[in-house]
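A.B. asks: Need coordinates for the below:
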Amino acid sequence: MSQLNPASIPLSLYIHMPWCVRKCPYCDFNSHAVPDGQLSMDLEQQYLAALVADFETQVGMAQGRTIHSVFIGGGTPSLISAKGYQWLFDQLKGLLAFDENCEITLEANPGTVEHDPFKDYLAVGINRLSLGVQSFDSEHLQRLGRIHSANNALDAIQQARQAGFERVNVDLMHGLPQQSLEQALNDLKLAVEQGATHISWYQLTIEPNTVFFRTQPVLPQDEVLEEIQAQGEAYLKANGYINYEVSAWRKEKPSAHNLNYWQFGDYLAIGAGAHGKVTRPDGIYRFQKTRLPKDYLAKVPAEHGQMKRIEAEELPFEFMMNALRLNNGVNSEFYAQRTGLELNDLDATLKQLREKKLLIADVNRIACTEQGHIFLNSVLEAFL
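C.D. replies: Have a look, this model is predicted:
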């Protein structure tokens, strides 16, 4: 394994806001219900101060780089005030520079955007919104445990665009309990008509440690799911959306933050349960912060989580698991640059996958064919 050059690898920042008004029955993310459904100003300030202290311990990991993108996820980050974010960004930028055109994405729940008008979030530097709509059907929203209505969701997209947000992602799920083909397609239609510039469209999966796992809902039959996928993709393509990643469709430029994940870039991570990845000259490391907010607030940042080195034998699978999610894959040069390994060592595996028409023939890119995307799990197993 050759020495790595972190300076050549983009650096992002993930910020985790762990609270929600209430926990959804399908959700296995690190989210926790806020007492009385409202985040107190004292708790907000305490948590924001902890984020800054956490970030201070990670500045050295930047190794001279600036922050290229920021993603604020959760939980429900729109429970935090715009004023709180202004203070947070001021503190973080005082410790490490952000790129002039840094993409800053805020996840927002249409049921909690009343905390502050969208224009206030835009004014403090947040320039991309990701709205957790999931469905525009009131019955489906109720089954999913969402706190917003169909009208809330429609209004949120309109308000975001009117406030001046040029980049608005809408998260939608399909294959919902008792969902028909027509209902799934109608969700996409409404997102398109409302002017979503980016749509994250993915099938509901039942995860362990969720209410849905313990009390399984009735999901659509496989043939209905296949038809939803086929007709949904055709509809999005017909309306000018580009499918650049497994479940991401865009009319604008791709999400810089998501691209950095898939291209095996680096990202610092602050907040309860946040995951990070950093490259050092001697190797690549992952880390995770302690999950429970009360534990995160009680500990000094150095005790939040330990660095774990990704071993050389794990790197081919780790790299491909990310890169092959992108429809266009990645430049072949990225492999050596971002793993410290020689792509030539994978020649036999790559040759076999190309002969099977699972990877494209172009040796300058590592990317799946259409067939390869269908059998992505089998492709990835070849790198284990």
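A.B. asks: and S135, what is it in contact with?
C.D. replies: Counting by C-beta atoms under 8 Å, 6 or more residues apart in numbering, S135 touches 141, 144, 146, 150, 172-173, 176, 179, 187. Where C-beta positions appear, they are placed from N, C-alpha and C, glycine not excepted.
A.B. asks: mind listing which of these are in strands?
C.D. replies: The members of the contacts of S135 that map onto strands under DSSP state E are 172-173.
A.B. asks: any idea which element the most centrally placed residue in the chain lies in?
C.D. replies: Nearest to the mean C-alpha position of the chain, by C-alpha atoms, centre = their mean, lies N258 at 6.0 Å. Counting by DSSP states H and E, the element that carries N258 is helix 256-262.
A.B. asks: For the helix or strand following that helix, name the packing helices and strands.
C.D. replies: Counting by DSSP H and E, the next helix or strand C-terminal to helix 256-262 is strand 266-270. Helices and strands touching strand 266-270, by 3 or more C-beta pairs under 8 Å, 6 or more residues apart in numbering; DSSP states H and E, are strand 11-17, helix 41-56, helix 256-262, strand 275-280.
A.B. asks: Repeat the analysis, applying 6 Å as the threshold.
C.D. replies: strand 11-17, helix 41-56, strand 275-280 (3 or more C-beta pairs under 6 Å, 6 or more residues apart in numbering; DSSP states H and E).
A.B. asks: Now the terminal residues of stretch 94-101, how far apart.
C.D. replies: 17 Å (C-alpha to C-alpha, to the nearest Å).
A.B. asks: again, but for stretch 5-20
C.D. replies: 39 Å.
A.B. asks: How about stretch 164-184?
C.D. replies: In stretch 164-184, first residue to last residue: 29 Å (C-alpha to C-alpha).
A.B. asks: one step back: of all the contacts of S135, which comes closest to N109?
C.D. replies: R146 (8.0 Å; C-beta to C-beta).
A.B. asks: give me phi/psi at the closest residue to the closest one other than its chain neighbours?
C.D. replies: Leaving aside its chain neighbours, R146 sits nearest to Q134 (6.1 Å; criterion: C-beta to C-beta, 6 or more residues apart in numbering). Phi and psi for Q134, reported as degrees, to the nearest 10, are phi 70, psi -40.
A.B. asks: just the one 3 residues further on next, same as before
C.D. replies: In this entry, D137 is assigned phi and psi values of phi -100, psi 120 (degrees, to the nearest 10).
A.B. asks: residue contacts, F136?
C.D. replies: 150, 153, 187, 190 (C-beta atoms under 6 Å, 6 or more residues apart in numbering).
A.B. asks: quick one: low-confidence parts of the stretch 101-250 of the chain?
C.D. replies: 112-115, 213 (pLDDT under 70).
A.B. asks: what residues does the longest strand along the chain touch?
C.D. replies: When the chain is scanned for its longest strand (criterion: DSSP E), the result is strand 98-108. If you take C-beta under 6 Å, 6+ apart as the criterion, strand 98-108 is touched by 66-74, 77-78, 121, 125-131, 256.
A.B. asks: Apply 7 Å and report the result again.
C.D. replies: Strand 98-108 is contacted by residues 66-74, 77-78, 121, 125-132, 255-257 when judged by C-beta atoms under 7 Å, 6 or more residues apart in numbering.
A.B. asks: Is V170 in contact with A191, as I believe?
C.D. replies: Yes. Applying C-beta atoms under 7 Å, one finds V170 in contact with A191, separated by 4.6 Å.
A.B. asks: Common neighbours of the two, please.
C.D. replies: By C-beta under 7 Å, 6+ apart, the residues touching both V170 and A191 are I199.
A.B. asks: related to what we said a few turns ago, now the contacts of strand 98-108: which count as buried?
C.D. replies: Buried subset of the contacts of strand 98-108 (neighbour count, 16 or more other C-beta atoms under 10 Å): 67-74, 77-78, 121, 125-132, 255-257.
A.B. asks: Out of the helices and strands packed on strand 266-270, indicate the one that is most buried.
C.D. replies: Most buried of these by mean neighbour count (mean count of other C-beta atoms under 10 Å) is strand 11-17; its value is a mean of 25.
A.B. asks: just how off-centre is the helix or strand following that one within its chain?
C.D. replies: The element immediately downstream of strand 11-17 (helix or strand, assigned by DSSP H and E) is strand 19-20. Centroid separation for strand 19-20 versus its chain: 17 Å, with C-alpha atoms, centre = their mean, to the nearest Å.
A.B. asks: now Q183, nearest residue through space, not along the chain?
C.D. replies: Sequence neighbours aside, D137 is the residue nearest to Q183 in space, at 5.6 Å (criterion: C-beta to C-beta, 6+ apart).
A.B. asks: can you check I199 too?
C.D. replies: Using C-beta to C-beta, 6+ apart and skipping the chain neighbours, the partner closest in space to I199 is W249 (4.6 Å).
A.B. asks: Report the contact partners of that neighbour.
C.D. replies: 198-199, 201, 236, 241-243.
A.B. asks: correct me, but the residue nearest to R146 touches D171?
C.D. replies: Yes. Using C-beta under 7 Å, Q134 makes contact with D171 at a distance of 6.3 Å.
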